[in-house]
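J.: sequence unknown, structure follows:
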């Protein structure tokens, strides 16, 4: 008789056993438990793959399988009780950390990273559904650009949090984010020209005047180079 093995994930968790999909995050936490002889133990860790039921926590020293632990989220100051489902010495595929199950499912415990990643997945699913509809090509392109923008910012935020945890410099990441913003601004200008050519914008619109003002100030700043001579303020309203 041949026994069919269940597919295993990267952290050693059986795919069938998961109650819901896990999402990548970078959340610094503290794990505390009672070790041998009841001695309290605390260890800094980083949550990496999570959902409302638990997740994979990367750490150097870890509690034994089945231990009850307390998780403290450094970013949100929330705490949660959990149980260790897997450790490097208890399940194939688990390395450099533990798999925990929250005593009470709590999606908000992991913070905004999980919420944003779930939102991106929902947007991608919506994109797939919209492809079956008769949606304007230009509108679909704008929608996909917005989703890509959210994904890029999410990845940058996760890297920034990792830098904060490690105490490393985040200047390069901020530069990458600024460069991407300039790329999107260039694409925006092309799309704005197309809207004007198609007659989709009223020339007397207040937003047109605000855009002219912003473009003039941007041109002036680009001429000045990297060091600003004075601070600019844009009086941009949310309504026409």
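T.: The structure has been received and is ready for your questions. Because the structure is predicted, anything quoted here is derived from the model rather than measured.

J.: Now for this structure, the helix or strand with the poorest mean pLDDT.
T.: helix 137-166 (a mean of 75; mean pLDDT, DSSP states H and E).

J.: elements contacting that one?
T.: strand 23-34, helix 112-130, helix 171-197 (3 or more CB pairs under 8 Å, 6 or more residues apart in numbering; DSSP states H and E). C-beta: built from backbone N, CA, C; applies to glycine.

J.: tell me the most buried of these?
T.: strand 23-34 (a mean of 19; mean count of other CB atoms under 10 Å).

J.: and the residue nearest the centre of the chain, how far is that from residue 121?
T.: Centroid check for the chain by CA atoms, centre = their mean gives residue 154 as the closest residue, at 3.6 Å. From residue 154 across to residue 121, the span is 11 Å (CB to CB, to the nearest Å).

J.: repeat for residue 109
T.: Residue 109 sits 19 Å away from residue 121, going by CB to CB.

J.: Residue 44 now?
T.: For residue 44 relative to residue 121 (CB to CB), the value is 29 Å.

J.: And residue 83, by the same measure?
T.: 27 Å.

J.: Then residue 100?
T.: 22 Å.

J.: What of residue 37?
T.: Taking CB to CB, one finds residue 37 at 45 Å from residue 121.

J.: again, but for residue 207
T.: Using CB to CB, we find residue 207 at a distance of 32 Å from residue 121.

J.: again with residue 62
T.: 29 Å.

J.: Also residue 142?
T.: When residue 142 is compared with residue 121 (using CB to CB), they lie 20 Å apart.

J.: Next: residue 65.
T.: For residue 65, the distance to residue 121 - CB to CB - is 31 Å.

J.: Pull the number of nearby residues for residue 48.
T.: For residue 48, the neighbour count with other CB atoms under 10 Å is 19.

J.: looking at it, it is touching residue 57, isn't it?
T.: Yes - the criterion here is CB atoms under 8 Å, and residue 48 meets it with residue 57 at 7.3 Å.

J.: what about this protein, any weak spots by pLDDT?
T.: 1-19, 92-93, 158, 161-162, 165-166, 226-240 (pLDDT under 70).

J.: quick one, what contacts residue 173?
T.: 156, 159, 160, 163 (CB atoms under 8 Å, 6 or more residues apart in numbering).
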